[in-house]
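Student: 3D, please:
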Amino acid sequence: MATLFDAAAPRPLADRLRPGRIGEIVGQDHLFGPDGPVTRMVQAKRLASLILWGPPGTGKTTLARLLAEATGMRFAALSAVFSTVADLRKAFAEAAALRDTGRQTLLFVDEIHRFNRAQQDSFLPYVEDGTVTLIGATTENPSFELNGALLSRTQVLVLRRLDEAALGELLIRAEAAEGRPLPVDDEARAVLVGMADGDGRFLLNLADTLYALPEGERLDTVRLGQLLQRRLPLYDKAQEGHYNLISALHKSLRGSDVDAALYWFARMLDGGEDPLYVVRRLIRFAVEDIGMADPRAVEQALAAQRAYETLGSPEGELAIAQAVVYLATAPKSNGVYMAYKTARRLAKETGSLMPPMHILNAPTKLMKQLGYGHGYDYDHDAPDAFSGRDYWPEGMGARVIYEPRPRGFERDIAKRLEYWSKLRAERQAEMRAAARRSRDEEGEA
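Tutor: The predicted structure is shown next:
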């Protein structure tokens with residue numbers, strides 16, 4: 001309940017500078033520009049149920065409140081962290097009663113991804129029949145965290161991390177509200193913006209701390225760093241941030257961009273990622289994206305794993321960084337990876353075809369009588385240690401599965417395979433000619 005003293009109570013900058021209309025929200029022009037989806041909804045006074053997805057400090061709660069004001073709806077708010085099923089039922093009942101009077105309710109649910117599946121399902125009938133217009137806010141990827149049924153009844157709007165221009169505008173507004181400039185030099189001001197890491201609320205809280213200093217003090221970057229804590233990077237090792245950064249690392253390696261790969265590796269470490277998880281992904285990369293183009297790549301990745309297990313952090317992380325550099329600069333080939341997938345597909349398609357008889361072992365007399373091993377040529381006894389025999393199931397015919405790429409060590413493998421292919425054709429032609437002569441001689445006899 002409001003009191004006479006509320007107006008005199010100190011309020012943080014982030015609260016005092018909360019936008020009073022949609023046009024004052026910074027950094028989200030893709031939503032609020034002339035052709036933006038929010039602009040069109042407000043102009044039409046027809047608001048769809050929405051999921052606002054974006055990092056902290058980008059204005060999700062403020063936007064929901066302003067949308068209610070702009071469309072004349074009653075604003076009701078819940079937090080999925082603190083609300084119970086009883087709270088949901090109460091909110092729906094109040095909205096239904098208000099709808100009977102002709103007024104709609106905008107129900108804002110903060111951290112909506114924290115509701116379980118059953119709780120999320122409870123929204124469906126009330127969203128469908130228009131009892132509430134749902135605005136859910138989440139920092140997590142809705143594709144992973146929200147029911148498909150709920151997503152199908154809402155429109156997802158992505159709020160972007162605030163860029164330097166948007167954060168700079170917030171500092172200008174803070175200075176106007178305080179009536180004096182921030183007590184920092186130009187270089188420290190730029191560092192202050194970087195500390196916020198795209199979070200407008202966090203930036204204004206930092207500014208609040210600076211304005212609490214004695215007047216006349218002016219900070220440089222060193223004093224600023226001593227006074228303030230840098231915002232921890234957004235990184236949840238079990239959620240989308242984790243998958244985004246490992247994807248960025250993997251694709252930077254694949255694209256042979258060593259500098260970008262090192263950057264994403266460092267970002268993962270700063271976010272608290274387990275270095276052994278990273279090095280396991282490097283091992284996978286070595287066999288999937290480099291393979292026989294540089295067979296030593298997997299050795300480097302495995303060596304980094306052993307080095308880290310021996311040294312621990314932070315010394316062992318240097319070994320992982322060395323592996324990142326090696327893999328990024330190595331020649332790339334997915335030849336083995338594609339060959340493996342082709343072989344697995346062929347194995348499923350061809351079922352239980354038997355190997356040709358001449359390459360089967362014959363440990364018993366009966367098996368020898370049945371022809372097991374008959375006609376096998378021991379390659380080491382053949383010219384060039386190469387018999388050129390057919391090793392495929394009868395009737396299937398030889399297939400090309402592994403196609404080496406013209407890069408790195410695979411160039412040499414390609415030459416070797418080409419040589420054996422030519423030699424195999426010659427040897428098999430000789431075997432066919434010998435078989436014809438044998439049949440002709442038997443016919444004459």
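Student: Got phi/psi on Pro31?
Tutor: Actually, residue 31 is Leu rather than Pro. Torsion angles at Leu31 (phi, psi; degrees, to the nearest 10) stand at phi -100, psi -30.
Student: pretty sure it contacts Gln155?
Tutor: No. Using CB atoms under 8 Å as the test, Leu31 is too far from Gln155 to be in contact (11.2 Å). For glycine as for every other residue, the C-beta is placed from the backbone atoms N, C-alpha and C.
Student: Now list whatever residues contact both of these two.
Tutor: With contacts taken as CB atoms under 8 Å, 6 or more residues apart in numbering, Leu31 and Gln155 have Pro37 as neighbours in common.
Student: Comparing these two, which residue is more hemmed in?
Tutor: Leu31 (20 against 11; other CB atoms under 10 Å).
Student: which ones are touching the more buried one?
Tutor: Here Leu31 is in contact with Pro37, Val38, Thr39, Leu157, Leu159 (CB under 8 Å, 6+ apart).
Student: ok, Gly130 to Ala96 distance?
Tutor: 10 Å (CB to CB, to the nearest Å).
Student: Go ahead and build a PyMOL selection from the buried members of the contacts of Leu31.
Tutor: Buried members of the contacts of Leu31 can be picked out in PyMOL with the line below, counting by 16 or more other CB atoms under 10 Å:
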select buried, resi 38+157+159
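Student: Just confirm Lys332 is within a helix.
Tutor: No. Lys332: not assigned to a helix; according to DSSP: H, G, I helix; E, B strand; the rest coil it is coil.
Student: Just flag the most distant two among the contacts of Leu31.
Tutor: The span of the contacts of Leu31, defined through CB to CB, is set by Thr39 and Leu159 at 14.8 Å.
Student: Make a markdown table out of the contacts of Leu31 and add distance to Val278 and secondary structure.
Tutor: Compiled in a markdown table, these are given as follows (distance: CB to CB, whole Å; DSSP: H, G, I helix; E, B strand; the rest coil):
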| residue | distance to Val278 | secondary structure |
| --- | --- | --- |
| Pro37 | 38 | helix |
| Val38 | 39 | helix |
| Thr39 | 43 | helix |
| Leu157 | 33 | strand |
| Leu159 | 29 | coil |
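Student: pLDDT below threshold where in the stretch 101-250 of the chain?
Tutor: Applying pLDDT under 70 to the stretch 101-250 of the chain picks out residues 229-241.
Student: same thing but 80
Tutor: Residues of the stretch 101-250 of the chain meeting the criterion pLDDT under 80: 215-216, 226-243.
Student: now the strands: where do they sit in it?
Tutor: Taking DSSP state E, counting those that start in this stretch as the test, the strands found in the stretch 101-250 of the chain are 105-110, 132-138, 155-158.
Student: Now render those as a markdown table, adding distance to Pro406.
Tutor: Output for the strands of the stretch 101-250 of the chain, formatted as a markdown table (distance: least, CB to CB, whole Å):
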| stretch | distance to Pro406 |
| --- | --- |
| strand 105-110 | 55 |
| strand 132-138 | 47 |
| strand 155-158 | 42 |
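Student: tell me the domain boundaries of the chain?
Tutor: Split into domains by automatic domain parsing, the chain comes to 28-158, 240-329, 355-443.
Student: out of the ones you listed, nearest to Glu169?
Tutor: The nearest among these, by CB to CB, is domain 28-158 at 11.8 Å.
Student: quick one: that closest one to chain centroid distance?
Tutor: Mean-position distance between domain 28-158 and its chain equals 26 Å (CA atoms, centre = their mean, to the nearest Å).
Student: Okay, buried residues for stretch 258-275 please.
Tutor: Buried-residue list, stretch 258-275, by 16+ other CB under 10 Å: Val258, Ala260, Ala261, Leu262, Trp264, Phe265, Arg267, Met268, Leu269, Gly271, Glu273, Pro275.
Student: With only the CA atoms kept, save that stretch in PDB.
Tutor: Output in PDB follows, covering the C-alpha atoms of stretch 258-275 (Å, rounded to 0.1, in the frame of the first residue of the first chain):
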ATOM      1  CA  VAL A 258      42.400 -19.800 -35.300                       C
ATOM      2  CA  ASP A 259      41.800 -16.500 -33.700                       C
ATOM      3  CA  ALA A 260      38.100 -16.900 -33.500                       C
ATOM      4  CA  ALA A 261      38.500 -20.400 -32.200                       C
ATOM      5  CA  LEU A 262      40.800 -19.200 -29.400                       C
ATOM      6  CA  TYR A 263      38.300 -16.500 -28.600                       C
ATOM      7  CA  TRP A 264      35.400 -18.800 -28.200                       C
ATOM      8  CA  PHE A 265      37.500 -21.200 -26.200                       C
ATOM      9  CA  ALA A 266      38.400 -18.400 -23.800                       C
ATOM     10  CA  ARG A 267      34.700 -17.400 -23.600                       C
ATOM     11  CA  MET A 268      33.800 -20.900 -22.500                       C
ATOM     12  CA  LEU A 269      36.400 -20.900 -19.800                       C
ATOM     13  CA  ASP A 270      35.300 -17.500 -18.600                       C
ATOM     14  CA  GLY A 271      31.700 -18.900 -18.400                       C
ATOM     15  CA  GLY A 272      32.900 -21.600 -16.100                       C
ATOM     16  CA  GLU A 273      32.900 -24.500 -18.600                       C
ATOM     17  CA  ASP A 274      34.700 -27.700 -17.700                       C
ATOM     18  CA  PRO A 275      37.900 -27.700 -19.800                       C
END
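Student: Return the distance of that stretch from the chain's centre.
Tutor: 14 Å.
Student: Quick check: mean pLDDT of it?
Tutor: Stretch 258-275 shows a mean pLDDT of 90.
Student: So which residues of the stretch 201-350 of the chain form helices?
Tutor: 221-227, 240-254, 258-270, 275-285, 296-311, 315-329, 335-350 (DSSP state H, counting those that start in this stretch).
Student: Would you format the ones you listed as JSON lines with distance to Glu215 included?
Tutor: Formatted as JSON lines, those follow (distance: least, CB to CB, whole Å):
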{"stretch": "helix 221-227", "distance to Glu215": "16"}
{"stretch": "helix 240-254", "distance to Glu215": "40"}
{"stretch": "helix 258-270", "distance to Glu215": "35"}
{"stretch": "helix 275-285", "distance to Glu215": "46"}
{"stretch": "helix 296-311", "distance to Glu215": "50"}
{"stretch": "helix 315-329", "distance to Glu215": "44"}
{"stretch": "helix 335-350", "distance to Glu215": "64"}
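Student: Ser83 is nearest to which of these?
Tutor: Here helix 240-254 is closest among the helices of the stretch 201-350 of the chain (CB to CB), at 23.8 Å.
Student: So which residues make contact with that closest one?
Tutor: 140-141, 144, 234-236, 260-261, 263-265, 267-268, 271, 273, 277-278, 281-282, 285, 289, 324, 327-328, 332.
Student: for it, which positions count as buried?
Tutor: In helix 240-254, counting by 16+ other CB under 10 Å, buried: Glu240, Gly241, His242, Leu245, Ile246, Ala248, Leu249, His250, Ser252, Leu253, Arg254.
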